[in-house]
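**Q** here's a sequence, model it:
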Amino acid sequence: MTIDHVMERIGRIVAADQGLEVHVRGAQAFATPGAVTIPAIEAYEYLGRNAERMLHGVLDHECGHASDTLFEYFKKAQDISPALRALLNAVEDVYIEGRQARRYIGCGQNLQAMNDWFWATEGKGGKTVSQQIAEADTWTAFLLAVVVTQHEGGRPLSVIESLNPAVHKMLLEVEPELRKIKPLFDQPRATASCYEIAKRIYDHFATPPPPEPEPEEGRGEDEDKGEGGEGEPEEGEGGEAQAAEGEAQAAEGEGAEGEASDEGGEPEEGEAAEGEASAAEGEGKGTRAGRALEIERWSPPEGVPLDPTQAIERALTKIFEQPSETLPYIVFSHEWDLERDFSHDEHSEEVTSRYARLEKSAREATGQLAQAFEVSLQARRERRPVANSDEGEVDASLLAEYSVGAANPDRIYCDYVAEDERAAAVAVLIDCSGSMGNGEGSKSHLAAQTAVALHRALSAVQIPHEVTGFTTASHYLDEHPWFGEGSPHTAAALRQFRAMEAVHSDAMARGTDLLRFARSHGIYAPVHAVFKDFGTEDGRGLAHIAGIGNNLDGEAVLWQARRLARRPESRRIMLVCSDGFPAGSYDNAQGARYLKEAVRRVLDAGIEVYGIGMQSGAVSQFYPVHLVCADMADLSKLALGALSEVLIENRQERAWVTL
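**A** Just a heads-up that it's a prediction; the model follows:
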């Protein structure tokens, strides 16, 4: 698995093909004109079998909406009825998926996988779509059936008949209209046609059939004319009574109680009960009049997904309703991560002075490490011969063969080449959590000394490197040491943080236990600092290393790995200086498991990762190769010897294998 998470990587590929913007955040996939928002899912195993392919299908589905859907028609449908809007959504989903499958064969396969998942899976403890079609109200079941039967490769109508005969009958009634969807697959932006199809289907079911006229008894052919002229009613059959009777019939067709006429009096109890029973029986049998009543009162049922993206969202939401020990760790977005770059700042005299003190205190360790690097590199600076070359010095060992014509005269030379001793890039990542402390003797001070020693030593042997750090921030951003009141970086960071809060506040309105917890404990945004980047040799930004907030280690390791992956060197090395376990997520045990997963993913991507414990052996639980430093003396005498092996001997061995 690559270090880029699946949804973002695939999303950018597909979106680039279709000229769309991609946003990665939250747990919901949706589209707007020209843009797609996809869930930022780092781990998807809990979604069940073939989940990755299913999520690709969700992305293809939303890209289709962003490219071809005319969203104004959904507002037009909503103004008429929520039931019509839901039906338009179902018809449009069929059109979008058919069009995407015509565009790309792979999209068709992904969408098929999505619909298979949608049919058989609805998250832990939820109902499958087949169960919903069998048990949901008639209109909801009909909407689901439209989607699952009409997309390319969909379920046959006979399956719906076995699940819900009433819905099967409805599908047969409007089958001619449903057949008009498929010819739209080759047409771009055909939402208007989808709307017309949906409107005709809706009108068919929303309009009750006209009541059949009842034959009148006891009236002759000429009895409709009175003595005084045409249309005179007989006694007892006044116009008011006829009007009341007409209103009663109309109201009965709409499922309402008829009003008694002025002269007819109240209906008898038996007659009223019989009328209500007949209406209930008609509605219960799924008659067209009953369906009209149902559609008129229909509203989107809470918790019942009407399309695949809603099903995915519900499946993701369900994880928050489980015990915390079973919660998978979800990174909902990297979009809101804050960054602070110190590497090119105009540093104050105070910062310069602080850096000078760090440099002085780490001088002994710096000298030992630089000397170890220099000695190890010296042998690699020797030139080595490469035989069978077409230029250079004549290879004496080939002269005998050359004299008898057994050697190629163009390949008897020996060239000398120097090995590239600088084919490595190093990133040093510093834990800047509150537990690291501050001041002389603290773990953050030891980490700063370590970073300065590494920076000076790597600079001496000209190995490209950068030093970064990680912590968190809350809405008190103007009090954060890396931003602070009056800082030119604070305003932009605050705007970004407010945008993140708005997204989270919307999610909090759902009221799950986890989100209530987040609201009561505040929102923590990951903050990454660049103290010294690859492009500068000025290390004064290292003076800003401090213990500040919480530490989301897994996110920080992936952030640093993405930066390191862009380096051109063939070998990329990450050194993580930390004092303990990840802290700052809802469940820190899950955060620890996520850090292990992040380290594994980075290692699988070909980046070497090593842990350096700051007065703590906790790094041994997360990093396969690790060192532990208790103080600067320990760093000088013990850790740097092992570190020299990491940076030099392992690199030499790999270089020989490559050559």
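
**Q** what count of nearby residues applies to the nearest residue to Ser67 once chain neighbours are set aside?
**A** Spatial nearest neighbour of Ser67, excluding adjacent residues (C-beta to C-beta, 6 or more residues apart in numbering): Gln18 at 5.2 Å. C-betas here are computed from N, CA, C, even on glycine. Neighbour count of Gln18, defined by other C-beta atoms under 10 Å: 17.

**Q** gap between Trp336 and Thr472?
**A** Distance from Trp336 to Thr472, counting by C-beta to C-beta, to the nearest Å: 12 Å.

**Q** these two: who's more crowded?
**A** Higher neighbour count among Trp336 and Thr472: Thr472, with 24 against 17, using other C-beta under 10 Å.

**Q** wasn't the more buried one part of a strand?
**A** Yes. Assessed by DSSP: H, G, I helix; E, B strand; the rest coil, Thr472 belongs to a strand.

**Q** wait, isn't it in contact with Leu552?
**A** Yes. In this structure, Thr472 is within contact of Leu552 by C-beta atoms under 8 Å, at 6.4 Å.

**Q** any shared contact partners between these two?
**A** Taking C-beta atoms under 8 Å, 6 or more residues apart in numbering as the criterion, Thr472 and Leu552 both touch 524, 526, 584.

**Q** quick one: which of these has the most company?
**A** Neighbour counts for the shared contacts of Thr472 and Leu552 (other C-beta under 10 Å) peak at Pro526, which has 24 neighbours.

**Q** go through stretch 134-148 and flag the buried ones.
**A** 136, 138-148 (16 or more other C-beta atoms under 10 Å).

**Q** format these as JSON lines; extra columns: secondary structure.
**A** Formatted as JSON lines, the buried residues of stretch 134-148 follow (three-state DSSP):
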{"residue": "Ala136", "secondary structure": "coil"}
{"residue": "Thr138", "secondary structure": "helix"}
{"residue": "Trp139", "secondary structure": "helix"}
{"residue": "Thr140", "secondary structure": "helix"}
{"residue": "Ala141", "secondary structure": "helix"}
{"residue": "Phe142", "secondary structure": "helix"}
{"residue": "Leu143", "secondary structure": "helix"}
{"residue": "Leu144", "secondary structure": "helix"}
{"residue": "Ala145", "secondary structure": "helix"}
{"residue": "Val146", "secondary structure": "helix"}
{"residue": "Val147", "secondary structure": "helix"}
{"residue": "Val148", "secondary structure": "helix"}
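
**Q** circling back: which of the shared contacts of Thr472 and Leu552 fall in strands?
**A** Pro526 (DSSP state E).

**Q** ok, of the shared contacts of Thr472 and Leu552, which one's closest to Arg566?
**A** Set against Arg566, the nearest of these by C-beta to C-beta is Pro526 (19.4 Å).

**Q** which residues touch the closest residue in space to that closest one that isn't next to it in sequence?
**A** Ranked by C-beta to C-beta, 6+ apart and with sequence neighbours excluded, the top spatial neighbour of Pro526 is Asp337, at 4.7 Å. Residues in contact with Asp337 (C-beta under 8 Å, 6+ apart) are 525-528, 555, 559.

**Q** just the pLDDT for Asp337.
**A** The model reports Asp337 with a pLDDT of 87.

**Q** all further residue positions should be reported with the first residue as 38.
**A** Noted, 38 is the first residue going forward, which turns the last one into Asp374.

**Q** from Ala562, how far out is it?
**A** Here Asp374 is placed at a distance of 7 Å from Ala562 (C-beta to C-beta).

**Q** how about Thr324?
**A** Taken as C-beta to C-beta, the span from Thr324 to Ala562 is 57 Å.

**Q** who's more crowded, the two?
**A** More neighbours surround Ala562 than the other of Thr324 and Ala562, with 21 against 16 (other C-beta under 10 Å).

**Q** how about stretch 133-148: buried residues?
**A** Using 16+ other C-beta under 10 Å as the test for burial, stretch 133-148 gives 133-138, 140, 144-148.

**Q** nearest to Thr487, of those residues?
**A** Within these, distances to Thr487 taken as C-beta to C-beta reach their minimum at Asn147, with 47.2 Å.

**Q** how close does the closest one get to His581?
**A** The gap separating Asn147 from His581 is 46 Å, by C-beta to C-beta.

**Q** scan this structure for its longest helix.
**A** Longest helix in the chain, counting residues (DSSP state H): helix 119-140.

**Q** which helices and strands sit right next to that helix?
**A** Other helices and strands packing on helix 119-140, by 3 or more C-beta pairs under 8 Å, 6 or more residues apart in numbering; DSSP states H and E, are helix 88-105, helix 109-117, helix 142-157, helix 175-187, helix 228-243.

**Q** pLDDT at the residue nearest to Ser104, what is it?
**A** Reported pLDDT for Gln55: 74.

**Q** turn the buried residues of stretch 171-185 into JSON lines, including pLDDT.
**A** Output for the buried residues of stretch 171-185, formatted as JSON lines (pLDDT from 0 to 100):
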{"residue": "Ala173", "pLDDT": "88"}
{"residue": "Thr175", "pLDDT": "91"}
{"residue": "Trp176", "pLDDT": "93"}
{"residue": "Thr177", "pLDDT": "91"}
{"residue": "Ala178", "pLDDT": "92"}
{"residue": "Phe179", "pLDDT": "94"}
{"residue": "Leu180", "pLDDT": "93"}
{"residue": "Leu181", "pLDDT": "92"}
{"residue": "Ala182", "pLDDT": "93"}
{"residue": "Val183", "pLDDT": "94"}
{"residue": "Val184", "pLDDT": "92"}
{"residue": "Val185", "pLDDT": "91"}
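
**Q** closest one to Lys164 out of these, please.
**A** Nearest to Lys164, judged by C-beta to C-beta, of the buried residues of stretch 171-185 is Ala173 at 8.8 Å.
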